[in-house]
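1. Turn this into a structure:
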Amino acid sequence: MATFQDNYCGLTWMTTILVVVGIVLQNSIVTAAPYYGKRIGTLSSYAHRVAGDVYAASDKRLYLTGFTYDGRGPDAFVWMGNTPGAASSQGQIISADGSSDILGSYSNAVVQVDLPDSTTLADYKWISIWCRRFAANFGELVFPTDPAPVPKSLGTLGFPSPVHGVRADDVIILNNRQIKLVNLDYDGNGPDAYYWAGSGGTPTSSGFALADESRGGSLTKLPRGTALTDVTVTLTVPANRGDIGSIGYVGLWCVAFSQNFGHVVIPSLSELGVPVYDDSPPVTNAPVVTQAPPQANENCQVLIDDTYQVRWSLTDTSAIQISLSARINPGTYMAFGLSGSDTRTLMIGSDVTVAWLDAETGATANAVDYYLSAYQQCVTSSGSGACTDELSQPSGSNDVTVGDYSNNNGIITISYTKPLDTGDTNTDKVIPITDDVYVAWSIGPINPSGLAAKHRQQPTSDVPINFGQTGVTCPAFTTGQTEKLEPWVIPTIRGDMTGKTEFRVDIGQAGGQQGYEGITGKPGWGIAWYVDDYIIPVLTLRRGVTYTFIVQGGNEANIQARYHPFYITNDAEGGYIQKTAQETQGVEIYAGPVNGSLCEWRSTGAYNADDFDTFVKYRDAELERVCDDPFKTATLTWTPDENTPNRVYYQCYTHKFLGWKIDIIDNDADTSTMKSGDGGKEGTSTMKPGDDGKGSTNMPKTTAAGWVTQGSKLSIITMVIICMMIFWK
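-> Residues are numbered from 1 along each chain as shown. Sure thing, here's the model as predicted:
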């Protein structure tokens, strides 16, 4: 019988050299076509042979490609402004290739256009090649809606039955060289696992490793035996591999066994329209301050001592400029505006502006007009709740213009301008400047959908302001960064080991920074599912066992804030009723929805959730369980089977971000050594024996010696290395 060495090591040195040459070629430098960002449009040509396309590399940089201009204009510049319609003299000179001098001649050139520090692309409506002396427009492009490039979500990563537990809630293309895997799970048991990419739509051994920024840009394999649970990683395409335009997939790959652990297909860069990767040296300091943090300022009112202030000035008789300053982090909003009542501070019916810095970059300011029609998260299908003016029903318009911002010593300041009377009678109120008016304010997180989630802080008494007063000052903030609180540790409820098959499910408070938000890494809407009196515990259940959920989520369908049907799904967000037809693609509902009358863990208002280091202390001191009818329950009965994925979720049918994880294991799996979870930090799931999580019985089987005897072939490169080791021995 032929031996392993007979079969694989009878290679001539010429064959070995050819294989090595192949490896060298495989790892040769790939030159990617230049990527300039999201294409906005083409310059119209009116004079002096102006031509070219306009691309947005980010919200701070444009590129003019194929740019042509004869250079004969006496006083011509790259010129941008925000007047409606075509370009006008009400614009400003914008730097072209680092210079603000009069333009010379160009022929099919690439020109880099950098916006002033205090502005972003959202502050402009057009770009022009403009002659200032004669107010002549040589060529222009009026921007479409939302011209700036943004990261692109590709959806979840992983097979329905995960291989080695690999699953990520989202895969996001950050820019043309970087990819983010959000809330990645991996059991750590792959023998030769890499973050992997390559051409085509399916992973193969001809791909290459991606740099793992969480490991200092390492291209090496993932450490065996080190599990990842809810870890978010950023991956970078190595410079010698071009960029994302050169690849067609990203995922996790086992090199030794040519095994795909899970991947997603990547569209073309032109289709993605993401920002351009910035490989300049990283900024180690806080974002550049474009407006000084508040000191002792005129026309200022303290909303929370040493935490939240509002300043204002009347730019003229038609508009007001407001600056909000708070001790918060990027991704946390400041809301401020007119109360829903003329006689007191009231959130419902209020007309507020929600302002925040982008959590991803910490350097993009947002300010958006909101109308709060009900005390609930925005239900986009009906336009009710805490919705932007544009999403509200009846709808309005966003009449807020964002201005300067700063992030200095833990204090974020964002300025915006709003007309005193917008003329929008559906969602806006007229701002008075002569008498006291009651205002509403809050601080809270921005959820993954980009909308305001439930506040963490709000007024505890009425707040009147007179916008016509002058000479009112606020004390300077003390220095110091915002403290980040660690999430509470919530025990996993083990229906697999204890024989427990019945669970009580109620609605409860989300628990501030340490509760739903800290546990899941996603802002919720102030409420969450409580199972057996614990906030969003991970449940571990067995296939083939029937489980019963006794649900009291509220049955008043006409009052969304009191209507929370419970269901089990593969969707990590929930809120099925809010989704579009496209968003429901791939979403499975395994059980439910059911609701029952409302039982709610209500806050007494005596304490703040962030003041407690454990959930149990918070629950016992601050919450009380209140039921409309404790006997009017709904029952959901469910038996996970062989078609149920290893990871599913219990969710609310009408609202997003209320539930958490259910880990499913086989009925005969030994879990005696599994640890209890901590509300999402463990979340261990067990593979089906023999199929590595894919539902296939054709996975490699091993002998005691450890060699693969069926179902897999070692790659030719691995064989060459082994043979060379034998020859050299």
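
2. ok, Ser258 to Gly165 distance?
-> Here Ser258 is placed at a distance of 19 Å from Gly165 (C-beta to C-beta, to the nearest Å). C-betas here are computed from N, CA, C, even on glycine.

3. So which residue is smack in the middle of this protein?
-> Pro448 (4.9 Å; C-alpha atoms, centre = their mean).

4. Just give the closest residue to it, not the sequence neighbours.
-> Lys522 (5.7 Å; C-beta to C-beta, 6 or more residues apart in numbering).

5. beta partners of the closest residue to Ser339 other than its chain neighbours?
-> Leaving aside its sequence neighbours, Ser339 sits nearest to Tyr438 (C-beta to C-beta, 6+ apart; 3.9 Å). Per DSSP bridges, the residues bridged to Tyr438 are Pro464.

6. hang on, the residue nearest to the centre of the chain packs against Pro523?
-> Yes: between Pro448 and Pro523 there is a contact under C-beta atoms under 8 Å: 7.4 Å.

7. The stretch 1-150 of the chain: strands as residue ranges?
-> Assigned by DSSP state E, counting those that start in this stretch, the strands in the stretch 1-150 of the chain fall at 38-42, 44-45, 51-56, 61-69, 76-81, 91-93, 95-96, 106-114, 126-131, 136-142.

8. Which of the helices and strands in the protein ranks last by mean pLDDT?
-> Ranked by mean pLDDT, DSSP states H and E, the weakest helix or strand in the chain is strand 701-702, scoring a mean of 30.

9. can you give me the helices in the stretch 551-700 of the chain?
-> 615-622 (DSSP state H, counting those that start in this stretch).

10. low-confidence ranges in it?
-> 669-700 (pLDDT under 70).

11. that older thread, who's in contact with the residue nearest to Ser339?
-> Applying C-beta atoms under 8 Å, 6 or more residues apart in numbering to Tyr438 gives the contacts 338-339, 341-346, 462-464.

12. can you rerun that using 6 Å?
-> Each residue near Tyr438 by C-beta atoms under 6 Å, 6 or more residues apart in numbering is listed here: 339, 344-345, 464.

13. May I ask which of the residues you listed has the most neighbours?
-> The most crowded member of the contacts of Tyr438, judged by other C-beta atoms under 10 Å, is Ser339 (25 neighbours).

14. any idea how far Val400 is from Val78?
-> 28 Å.

15. neighbouring contacts of stretch 565-581?
-> For stretch 565-581, using C-beta under 6 Å, 6+ apart, the contacting residues are 169, 380-381, 505, 551, 553, 587-595, 645, 648-656, 659.

16. Mind listing what's buried along that stretch?
-> 565-579 (16 or more other C-beta atoms under 10 Å).

17. Relative to the whole chain's centre, how far out is it?
-> The chain centre lies 18 Å from the centre of stretch 565-581; the measure is C-alpha atoms, centre = their mean, to the nearest Å.

18. quick one: terminal-to-terminal distance for it?
-> With C-alpha to C-alpha, to the nearest Å as the measure, stretch 565-581 spans 20 Å from end to end.

19. which residues of the protein score low on pLDDT?
-> Those would be 1-32, 279-298, 315-316, 363, 479-483, 669-729, if you go by pLDDT under 70 across the chain.

20. So which residues of it form helices?
-> 4-8, 13-26, 269-272, 516-520, 615-622, 716-728 (DSSP state H).

21. give me phi/psi at the residue nearest to the centre of the chain?
-> phi -60, psi -20 (degrees, to the nearest 10).

22. change the start of the numbering to 112 and stick with it
-> That works, and once the first residue is 112, the last one we named lands at Pro559.

23. Quick check: it vs Glu694, distance?
-> 13 Å.

24. Now do the end-to-end distance for stretch 531-545.
-> OK, stretch 531-545 end separation, C-alpha to C-alpha: 12 Å.

25. Ok, stretch 661-677 next?
-> So stretch 661-677: terminal residues 10 Å apart, C-alpha to C-alpha.

26. So which bits of it are buried?
-> Those would be 661-666, 671-677, for stretch 661-677 by 16+ other C-beta under 10 Å.

27. Quick one: neighbours of Gly460, just the number.
-> By the criterion of other C-beta under 10 Å, Gly460 has 15 neighbours.

28. so it sits right up against Gly451, yeah?
-> Yes: applying C-beta atoms under 6 Å as the test, Gly460 and Gly451 come out as touching, 2.6 Å apart.

29. who has more neighbours, Ser369 and Gly276?
-> Comparing Ser369 with Gly276 by other C-beta under 10 Å, the one with more neighbours is Gly276, at 28 against 16.

30. what residues are up against the nearest residue to that one once chain neighbours are set aside?
-> Spatial nearest neighbour of Gly276, excluding adjacent residues (C-beta to C-beta, 6+ apart): Asp298 at 3.9 Å. By C-beta under 6 Å, 6+ apart, the contact set of Asp298 is 275-276, 338.

31. Over to Ala563?
-> 444, 465, 497 are the contacts of Ala563 under C-beta under 6 Å, 6+ apart.
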